[in-house]
Structures are given as structure tokens and as C-alpha cells.
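**Q** structure, please.
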Amino acid sequence: MSMEKINVGVIGLGCRGISLLEEVILLRKDVCVKAVCDVYEDRIQQAQKLVETVCGEVPFGTADYRNVINCPEVEVIVITTGWESHVEIAVCGMKAGKAVAMEVGGAYTVDDCWDLVNTWEETKTPFMFLENCCFGRRELMVLNMVQQGLLGDIVHCSGGYQHDLRDEISWGKENRHYRLRNYLNRNAENYPTHELGPIAKILKINQGNRLVSLTSTASRSAGLHEYIMTRKADDPKLVEAKFCQGDIVTTVITCAHGETITLTLDTTLPRYYSRGFTVRGTKGMYEEATDSVFLDRKEDRERDFRWRREACGNAAEYAKSWDHPIWKEFLEQGVVGTHGGMDWLEFEAFFECLRSKEPMPVDVYDAAAWMAVTALSEESIAKGSAPVAIPDFTRGKWMRV
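**A** Just a heads-up that it's a prediction; the model follows:
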């Protein structure tokens, strides 16, 4: 690994890839982008121009990810393609000895998750799952509060990917976006990791605890059809299309130590954005909906029924004492990067661990356990919300911590 600048290849140059390239990767002084890849030529050219503007040189461009992996100059690959190719590219990269930073998305099969784990165990090539919400300010604040015992023994957590994506999905053909084909053909908790990642860190999943089983239930699909009839009625194929993806998918996960987790996928009905991050313990709770902390103490109990009026948003006060050290330092230095700074922090962690050869904060076992929820939820829904076992991708190592 180069001690001066780390040579990176970015594979996948849609909205996410271009955003990370322009607003995170190219802002780093310790990184040099040597290659860019996408199946669409115009995206390659756009990325090459961005890199040339910032770095003064045009990176190698290709439509075949294997050319990036085989490029001798490239030390690290960043995978920001459509969901279907994440695992395939990551496995190929690790086998070639290229450090891998892989974007999020659910797995299509449990075998895919095992492929990731088995390849990493065979090669020990550095691998990080780019779940940026694990680096969110409130998520890390609550993690800090839990670790300091402020919320007591954690019993239940909930969260969701609650994001109106009707526009993105309906214009998927024009925008060349992978969500359209997925919503047409699958019915699953297809994007579980934004909410599950921070919860898993709080519950010490794979580090003394593990996910054991789940059930998933999907509502019928109505939101996209109505939206298309109203906004895109001139598209005969979509007007006649039958979407497999239910509007609301509810998944309940049980953990080895008895905790429960509820996940909600809600992307095809009108709504405001929320990840619904909620943590419930024996001494208190945090709730994203009101951005509030409630502790089991006299003053909080006495104003219980006046809570929304008097205490809504009080988490900002708790942040003064309980912000995670990572965020305290980040705020002092100046927050930069997309998604409110989360993207910057995850790449900072990735490159720091890469240089120091320390374990990645979101590793291959995290990726496998969290991504497997998608494939297993699809199975549970197909079987009428039947319980489905979640494999132990650590093969028992979670108990040794």
C-alpha cells in the first residue's frame, strides 16, 4: 500500500458513485483516482472530467470492472454499482488482492453472503461495508449513551428506510436506475442496512450477540401504480406493469440474547424522509421521530403527557454531553462531505484502517448478516410471513468476544 497516496478505482458512476467521487473521494489529499468504470460511456466521461479538473490527469476509463481490478496501479476499489453486482465485484477484487469498499444494498441469496465471508477468510484482503448511517451524529450519540449505561439494558430497537422513491423508481428506465427492475420483480425488505447497521452496533451483533431469525410481512402494492397513472400515464409499459414490491414491508428480527428489532421499508407511498431510529432500554429511550431522549427519572416521568410540547427535540441538549468523540472532533474541524458528513467519516475510517492495518469498523461479517435480511425476508414473505433462520456467518466467533 502506497504510504503517500492511495490509488483508487471507482466502479459504478451513477448518482451515488458520482456524488462520492466529487464530494468525498476527490476532496481527500491522500487519494489518487486512477480508474473509473461504468457500463455507460457518458458516465465514464463525466467522471474522467471531474478527476481531470481536480487532479490534472485523466484516469483510465472502462466499461468492464475486471479491467479496473487488473490495473496494476489500482490498490483500492470502491464499488458503487447497482445492487446486483456488488458481491460479484467485491469477491473478484478481494481475490485479486485489492482492498474493497463496497456500497450497501440487500443480498439476492444467502450464498452471496457466504461468498463474501469465505473469500475474505481465504484472502484476508481489507474489506469495508459502506454503511454510512453507522457514522451518523445521532446514531453515534445514542451508541455512546448506551455504552455509558445511560439507557440501561437495551431490549428493543426499531428503524426504517422510509423514503418516498416513487419518482426515482418510475423514471428508472430514463435514469438508468436499478430500483425499477427490482421493484417490478421482487418483494422483500430490499434496503435494510441504513436502519439495521446502527442498531446492530448498539446490540453488539457479531461481537457478543447475533441475529437469529426473522419474519417479514408485505402489504399489497398500490402506491407506484397510482403514482404512474397520475404522473406518467403516457408510458404504456409502466401503466400495465404489476409491481411485485409491497408498499410497506415489516420485518421483525430476534437476537441471541432476546432483543427484538423491527425494520420498516416504506418507499412507494407519499411521506417525509425518516429512518425511524428508536432505541428502548430499561433506563430510557431515544426516538428519532421527535429527536428526543426520555430517561427514567422524576422530571421526565412527570411531564410524560406533555412530552411532545415540552421536550420534542431535546436530543440537542444531550448532544452537548453525549456526542460521540468522533463527532466532537469532526464538528471542531468542520463538517464536510455528503449526507451531513456521514460519508466523509466512513471513508476516513476506511482509509485510516487501511493504512494502520486495523480491523474495519464495518466488516465482512456485518455486511453478510445485514445484507442477508433481504434474501431471507423475500423467503419469509413468499411463505406467508413464516419464520426464517438467519445464518451465523461468524461460525461461532461472535461468542468469543
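
**Q** ok, what's across the strand from F60?
**A** F60 has these beta-bridge partners by DSSP bridges: A35.

**Q** my read: it touches V33, true?
**A** No: taking contacts as C-beta atoms under 8 Å, F60 lies outside contact range of V33: 9.7 Å. The C-beta positions use only the backbone N, C-alpha and C, and glycine is treated the same way.

**Q** which one's more surrounded, those two?
**A** V33 (26 against 17; other C-beta atoms under 10 Å).

**Q** tell me the pLDDT of that one.
**A** Model confidence at V33, given as pLDDT, is 98.

**Q** what helix or strand does it sit in?
**A** Element membership for V33 (DSSP states H and E) is strand 31-37.

**Q** after that strand, which helix or strand is next?
**A** Criterion used, DSSP H and E; the element after strand 31-37 is helix 41-55.

**Q** quick check: buried residues in that next one?
**A** For helix 41-55, the neighbour count (16 or more other C-beta atoms under 10 Å) marks 43-44, 46-48, 50-51 as buried.

**Q** one more: stretch 26-40?
**A** For stretch 26-40, a neighbour-count test (16+ other C-beta under 10 Å) marks 26, 28, 31-39 as buried.

**Q** of all these, which two lie farthest apart?
**A** Farthest pair in these (C-beta to C-beta) is R28 and V39. Separation: 26.1 Å.

**Q** re earlier: between F60 and V33, which contacts overlap?
**A** Applying C-beta atoms under 8 Å, 6 or more residues apart in numbering, one finds that no residue jointly contacts F60 and V33.

**Q** tell me which residues touch F277, please.
**A** By C-beta under 8 Å, 6+ apart, the contact list for F277 reads 138-139, 142, 158-159, 195, 198-199, 286, 288.

**Q** sorry, slip of the keys, the one I care about is C15.
**A** C15 makes contact with H177, according to C-beta under 8 Å, 6+ apart.

**Q** same question, the one 5 residues further on
**A** L20 makes contacts with 10, 78, 80, 338, 343, 347, as judged by C-beta under 8 Å, 6+ apart.

**Q** rerun at 7 Å
**A** 80, 343 (C-beta atoms under 7 Å, 6 or more residues apart in numbering).

**Q** what about the nearest residue to Y365 once chain neighbours are set aside, neighbour count?
**A** Setting aside the residues directly before and after it, Y365 is nearest to N206 in space (C-beta to C-beta, 6 or more residues apart in numbering), at 4.7 Å. The number of residues packed near N206 is 23, by other C-beta under 10 Å.

**Q** may I have the distance across stretch 52-61, first residue to last?
**A** End-to-end span of stretch 52-61 (C-alpha to C-alpha, to the nearest Å): 12 Å.

**Q** how far off centre is it?
**A** Relative to the centre of its chain, stretch 52-61 is centred 29 Å away, using C-alpha atoms, centre = their mean, to the nearest Å.

**Q** quick one: mean pLDDT for it?
**A** Here the average pLDDT along stretch 52-61 is 96.

**Q** again with stretch 238-251
**A** 98.

**Q** and the pLDDT for the residue nearest the centre of the chain?
**A** With distances taken as C-alpha atoms, centre = their mean, E131 lies nearest the centre of the chain, 3.6 Å away. At E131, the model reports a pLDDT of 98.

**Q** tell me the spacing between it and G281.
**A** For E131, the distance to G281 (C-beta to C-beta, to the nearest Å) stands at 23 Å.

**Q** about what we covered before: out of the buried residues of stretch 26-40, who's nearest C71?
**A** Of all the buried residues of stretch 26-40, C71 sits closest to A35, with 5.3 Å by C-beta to C-beta.

**Q** that closest one is in contact with V74, isn't it?
**A** Yes: under the criterion of C-beta atoms under 7 Å, A35 makes contact with V74 at 5.4 Å.

**Q** between the two, which contacts overlap?
**A** Common neighbours of A35 and V74 are listed as 9, 68 (criterion: C-beta under 7 Å, 6+ apart).

**Q** residues in contact with the top helix by length along the chain?
**A** Taking DSSP state H as the criterion, the chain has its longest helix at helix 364-382. Under the criterion C-beta under 7 Å, 6+ apart, residues 102, 106-110, 113, 116-117, 120, 127, 129, 186-190, 192-193, 196-197, 200, 205-206, 211, 214-218, 249, 251, 386, 388, 390-391, 393-394 lie in contact with helix 364-382.

**Q** what about the strands in the stretch 151-300 of the chain?
**A** Applying DSSP state E, counting those that start in this stretch to the stretch 151-300 of the chain gives strands spanning 154-162, 211-218, 248-255, 260-266, 278-281, 284-287, 292-295.

**Q** shaky segments in this structure?
**A** The model of the chain has pLDDT under 70 over residues 1-3, 301-311.

**Q** what are the structural domain limits within it?
**A** Here the chain is described, according to automatic domain parsing, as comprising the domains 6-131, 134-333+363-400.

**Q** check the offset of the strand holding V33 from the chain's centre.
**A** Counting by C-alpha atoms, centre = their mean, strand 31-37 comes out at 23 Å from the chain centroid.

**Q** export it to PDB, keeping only CA atoms.
**A** Presented in PDB, the C-alpha positions along strand 31-37 are these (Å, rounded to 0.1, in the frame of the first residue of the first chain):
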ATOM      1  CA  VAL A  31      -6.100   9.600  -2.500                       C
ATOM      2  CA  CYS A  32      -5.500   9.400  -6.200                       C
ATOM      3  CA  VAL A  33      -8.200   8.200  -8.600                       C
ATOM      4  CA  LYS A  34      -6.500   6.100 -11.200                       C
ATOM      5  CA  ALA A  35      -9.500   4.400 -12.800                       C
ATOM      6  CA  VAL A  36     -13.300   4.900 -13.300                       C
ATOM      7  CA  CYS A  37     -15.800   2.300 -14.600                       C
END
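
**Q** what angle separates it from helix 41-55?
**A** Using axes from the mean of the first three to the mean of the last three C-alpha atoms, to 10 degrees, the direction of strand 31-37 lies 170 degrees away from that of helix 41-55.

**Q** now do strand 31-37: which elements does it pack against?
**A** strand 6-11, helix 41-55, strand 60-62, helix 65-69 (3 or more C-beta pairs under 7 Å, 6 or more residues apart in numbering; DSSP states H and E).
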